[in-house]
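*Asks:* could you work out the structure for the sequence below:
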Amino acid sequence: MACRISELVIDAADPERLATFWSEVLGYVEIGREDDGSIGIGPPGVGFGGPLPVLVLSPTSDPRPKKLRLHIDVNATDRDQDAELARLLALGARRADVGQTGAESWHVLADPEGNEFCLLRARIQPV
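*Replies:* Next up is the predicted model:
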């Protein structure tokens, strides 16, 4: 028997803002709120325990470290990489420099709080 990733928790100065951003990026919906201000988002009609992990945006006042040791990679499901890049930038993502050469097949971006993530080239099937 093995484990699988059921949720990813992201510390956030503004959980509401990040929940809105990542919901738009991933096509997720809010699935719950906790008394501590955490907001859970996940696939519509599925929520926690489904085939995809949910994201939990957890409030924190701690300063963000310079570089995270873990980041999220995303792939477009219904458009090419250039069109998806334009969509993500319009949602509030920004380009991030983490030392890439410019020859990579992916784009390094940051969410509204500066958390890096990558937009990969391949288009994949939605779940």
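*Asks:* if I read this right, P44 contacts E30, doesn't it?
*Replies:* No. P44 lies out of contact with E30 (CB atoms under 8 Å); the separation is 10.0 Å. C-beta here means a position set from N, CA and C on the backbone, and glycine is covered the same way.
*Asks:* neighbour count winner among the two?
*Replies:* A side-by-side neighbour count of P44 and E30, using other CB atoms under 10 Å, places E30 first with 15 against 10.
*Asks:* domain boundaries for the protein, per the record?
*Replies:* Taking automatic domain parsing as the criterion, the chain consists of the domains 7-60, 70-127.
*Asks:* is S23 in a helix, a strand, or coil?
*Replies:* For S23, the secondary-structure state derived from DSSP: H, G, I helix; E, B strand; the rest coil is helix.
*Asks:* now do F117
*Replies:* Taken by three-state DSSP, the conformation at F117 corresponds to strand.
*Asks:* can you pull the contacts of the closest residue to it other than its chain neighbours?
*Replies:* When the adjacent residues along the chain are set aside, F117 lies closest to I72, with 4.3 Å between them (CB to CB, 6 or more residues apart in numbering). In this structure, I72 makes contact with L8, N115, F117, C118, judged by CB atoms under 8 Å, 6 or more residues apart in numbering.
*Asks:* and the closest residue to V46 other than its chain neighbours, its phi and psi?
*Replies:* What sits nearest to V46 in space, not counting adjacent residues and going by CB to CB, 6+ apart, is L52, at 7.3 Å. Comment: the main-chain dihedrals of L52 come out as phi -110, psi 150, following degrees, to the nearest 10.
*Asks:* same check on the one 3 residues further on?
*Replies:* Note on L55: backbone dihedrals following degrees, to the nearest 10 are phi -110, psi 140.
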